[in-house]
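>>> A predicted structure for the sequence below; I have some questions about it.
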Amino acid sequence: MLEIADNGRTWILSGPASSYALHLTEGDELLHLHWGPRIGLADAEALAVRPLPDYWPFESPLDGREEYPVEGGPRFVRPALSVRTDERRGTEWTFEAYERAEDDELRLRFRDGGLAITLHYRMRHDVVERWVSLDNQGPAVELLRADSATWTLPDRDGGWRLSQLHGRWAAESRLVRAPLTYGEKVIGSRRGHTGHQHLPWVALDTDATEERGEVYGCALGWSGSWRIAVAELPDTRVQITGGAGYDDSGLLRLEAGESFTTPVFAGLWSEGGFGGASRAWHAYQRAYVIPDADRDRPVLFNSWEATEFDISEEQQGVLARRAAAIGVELFVVDDGWFGKRTSDRAGLGDWTPNPDRFPQGLKPLADSVHDLGMQFGIWVEPEMVNPDSDLYRAHPDWVQYQPGRKRTELRNQLVLNLAREDVQEYLWQQLHTLLSSAPIDYVKWDFNRCFTDAGWPGDPYPQRLWVDHVTALYRLLDRLRQAHPNVAFESCSGGGGRIDLGVMSRTDQVWTSDNTDPLDRLAIQHGFSQIHPARVMAAWVTDSPNTQLNGRVSSLRFRFVSAMAGVLGVGGDLAEWTDEELAEAGEWVALYKEIRPLVQRGDLYRLRPPEGGLSAVQYVLGDEAVVLAWLQAQHYGEPVPALRLRGLDPTASYECRETGEVHRGAVLLHHGLRTGLRGDLDATVLRLRRI
């Protein structure tokens, strides 16, 4: 809901539990008023008449209070907008008008000469979406920095604590919390994609727990290089600024008639602790971000860890029959089906089936997979090219490169300059033809190296490729989805290297990590759940011992229960599994299908974090709940503690389907449920139904 004061200079957006208010002074200074518990328009107007702080030497009264600080004038905080022309640098804007658009979107229009600047606000549930559009009708303007938003936190006693998700390849999304200190904390990516090192999300609190307390969170929807800066100013006020691009070296050059719209930077306030904030983020994404979020994702099998590059139509058929027998619903052929792709040294860019491996193309295999009752999917990596490929030999100028410099090859591949229109059209034709050639239901879209030689010889503003690559990727995905509406897409980047609200609005799920070790995955999934829902979190059951990373031995039970916390997949070599293992796997797949609606659409409660002993998550949907619990190790023979459940009706009774026992809701909430776990690497699934 959007409310506007009679004088047209105070605005307040409200959701079910929170409000966001801002005010324009008579001097055209746009000030932040409130972000937190729901208030009324009269409250916002009362805040609007409060004066700015008195003068203090060497400080600006605007700093820490402006809604969107620009470069120039009496401002010393990090500017959200930094522009320059041939004549000058900075912005001196004047307010023009406000507009109430569709869905109660608030638009605030400013102008600096020929540059029109519009700030956009929209409340969805209790998430505030903010972005900026820039339209140039004057001389050329260079955008050095154009952040999506600056968020201002209220004054609070005590220090703020910052939560973030950090990592690297095979160790993504690990949660860390630390006190915020004076100065700036900057996270981001200068790699051309979202990156394994940080997810574009931060949360701040003063004394929150998993179950209670104020939490402020911000998440950026951008799949290229990005930056979020969290600053504690000298007067202890805190601001969060974020947007596309890592530094201030230049995003784009806007000629007359050209425009740029920033990605969305979304913000959320919750008084329900970290758990309440996560559930609010999840509900927002299921309602407004994830395509077809009300449609549960199928159980898949992926051939990569079973076969790697050594694949054939006959061999894939053997795996498909075994996958169908255990209840798999989607069979995915990974890398190695196209071009001369017998290793990672050749073939990228040539998206036609290898004639030796698939003599009649993909259609015969896809048809046989469909005959087995499964959907059919393939792996692609369209933004990359091997030097040993027909595409590169025909168009060596289509890659990113710096003339006169050594060329970097990572994983024996180069990055296509997707900002070029001819490259975009080539990929569209290749992928459209591929998806039209066989009944393909699913595409795993990978991105296996970072930008290194991001040059574009001959272009007058070559650094624009950092932004234009991402916008071109979005257009290509949008175009493919429109032409092939029944094809689902997964975002992958060597695991979790491209996970953000931007790519998630165009894909149906994401590959969380290349690390499929079930114990490591518990910490990765714990961090991932801080912001993103289980509905998009792909997780696989692979072979034991874990051959990819650590050689850890774990039971099929532990591996399945770990992966059942998200979108279940199987990635082991089913041709080598025993009849007993296949039978047990079939039972776990059948159980997952029963609990899938709760996992993928229910409210998530993190009961205990994965910190070495007992950990557990719980999903609640309607009258049903399911608990997934894991015991890493039991020490000294001590009993495993009971799990205090959440989200239940204390006045109701619940039957545990595994034991037949009936429990009072109040007892489960306050005294807990025994899991029966013991020893090392044990796991269980417990289903509860209200009676």
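Structure's in. What do you need? Residues are numbered from 1 along each chain as shown.
>>> list the contacts of the spatially most central residue of the chain.
Centroid check for the chain by C-alpha atoms, centre = their mean gives residue 500 as the closest residue, at 2.8 Å. The contact partners of residue 500, by C-beta atoms under 8 Å, 6 or more residues apart in numbering, come to 194, 199, 200, 219, 220, 221, 222, 223, 226. Bear in mind the C-beta positions are built from the backbone N, C-alpha and C, glycine included.
>>> farthest pair in the residues you listed?
Farthest apart among the contacts of residue 500 by C-beta to C-beta are 219 and 223. That separation is 12.8 Å.
>>> tell me which of these two has more neighbours.
With neighbours defined as other C-beta atoms under 10 Å, residue 219 and residue 223 compare such that residue 223 has more, 32 against 25.
>>> touching, that one and residue 469? I think so.
No. Counting by C-beta atoms under 8 Å, residue 223 does not reach residue 469; the two are 9.3 Å apart.
>>> residue 47 should be in a strand, yeah?
No. Under DSSP: H, G, I helix; E, B strand; the rest coil, residue 47 falls outside any strand and is assigned helix.
>>> that one and residue 23 touch, don't they?
Yes. If you go by C-beta under 8 Å, residue 47 and residue 23 touch, sitting 7.4 Å apart.
>>> joint contacts of the two?
Common neighbours of residue 47 and residue 23 (C-beta under 8 Å, 6+ apart) are residue 33.
>>> compare those two (neighbour count), which wins?
residue 23 (23 against 17).
>>> secondary structure class for that one?
strand.
>>> residue 44 is in contact with that one, correct?
Yes. Using C-beta under 8 Å, residue 23 makes contact with residue 44 at a distance of 7.3 Å.
>>> overlap of the contact sets of those two?
Common neighbours of residue 23 and residue 44 (C-beta under 8 Å, 6+ apart) are 10, 11, 33.
>>> strands of the stretch 501-650 of the chain, residue ranges please.
Taking DSSP state E, counting those that start in this stretch as the test, the strands found in the stretch 501-650 of the chain are 509-511, 537-541, 567-570, 603-608, 614-621, 624-631.
>>> what's the second one packed up against?
Read it as strand 537-541. strand 509-511, helix 518-528, helix 556-563, strand 567-570 (3 or more C-beta pairs under 8 Å, 6 or more residues apart in numbering; DSSP states H and E).
>>> okay if I get those as TSV plus distance to residue 354, mean pLDDT and mean neighbour count?
Converted to TSV, the helices and strands packed on strand 537-541 look like this (distance: least, C-beta to C-beta, whole Å; pLDDT from 0 to 100; neighbours: other C-beta atoms under 10 Å):
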stretch	distance to residue 354	mean pLDDT	mean neighbour count
strand 509-511	24	98	26
helix 518-528	32	98	23
helix 556-563	30	98	24
strand 567-570	24	98	26
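>>> between these, which one is nearest to residue 309?
strand 509-511 (18.5 Å).
>>> what pairs with the closest one, parallel or antiparallel?
strand 488-491 (parallel), strand 537-541 (parallel) (DSSP bridges).
>>> can you list the residues that contact the shortest one?
The reference is to strand 488-491. The contact list for strand 488-491 (C-beta under 8 Å, 6+ apart) reads 297, 377, 441-445, 477, 480-481, 498-499, 503-504, 506-511, 538.
>>> try the last one
Outside strand 537-541, the residues within contact range by C-beta under 8 Å, 6+ apart are 300, 302, 305, 490, 509-512, 516, 518, 521, 525, 528-529, 556, 559-560, 562-572, 585, 588.
>>> ok so, going back, show me the shared contacts of residue 23 and residue 44 that map onto strands.
Counting by DSSP state E, these place 10, 11, 33 in strands.
>>> for the first one, the count of nearby residues, please.
It refers to residue 10. Residue 10: 22 surrounding residues under other C-beta under 10 Å.
>>> for residue 566, see how far away residue 629 is.
In this view, residue 629 and residue 566 are 16 Å apart by C-beta to C-beta, to the nearest Å.
>>> so who does the closest residue to residue 463 other than its chain neighbours touch?
Setting aside the residues directly before and after it, residue 463 is nearest to residue 250 in space (C-beta to C-beta, 6 or more residues apart in numbering), at 5.1 Å. The contact partners of residue 250, by C-beta under 8 Å, 6+ apart, come to 142, 143, 144, 461, 463.
>>> give the buried subset of those residues as a PyMOL selection command.
Buried subset of these, written as a PyMOL selection, criterion 16 or more other C-beta atoms under 10 Å:
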select buried, resi 142+143+144+461+463
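>>> identify the farthest-apart pair in the contacts of residue 250.
Top of the distance list for the contacts of residue 250 (C-beta to C-beta): 144 and 461, 12.2 Å.
>>> in the stretch 101-250 of the chain, which spans are helices?
Counting by DSSP state H, counting those that start in this stretch, the stretch 101-250 of the chain has no helices to list.
>>> contacts only, for residue 287.
Per C-beta under 8 Å, 6+ apart, neighbours of residue 287: 124, 125, 293.
>>> got the contact list for the closest residue to the last one other than its chain neighbours?
The one in question is residue 293. Nearest residue to residue 293, sequence neighbours excluded (C-beta to C-beta, 6+ apart): residue 286, at 4.1 Å. Listed by C-beta under 8 Å, 6+ apart, the contact set of residue 286 reads 293, 294, 533, 535, 601.
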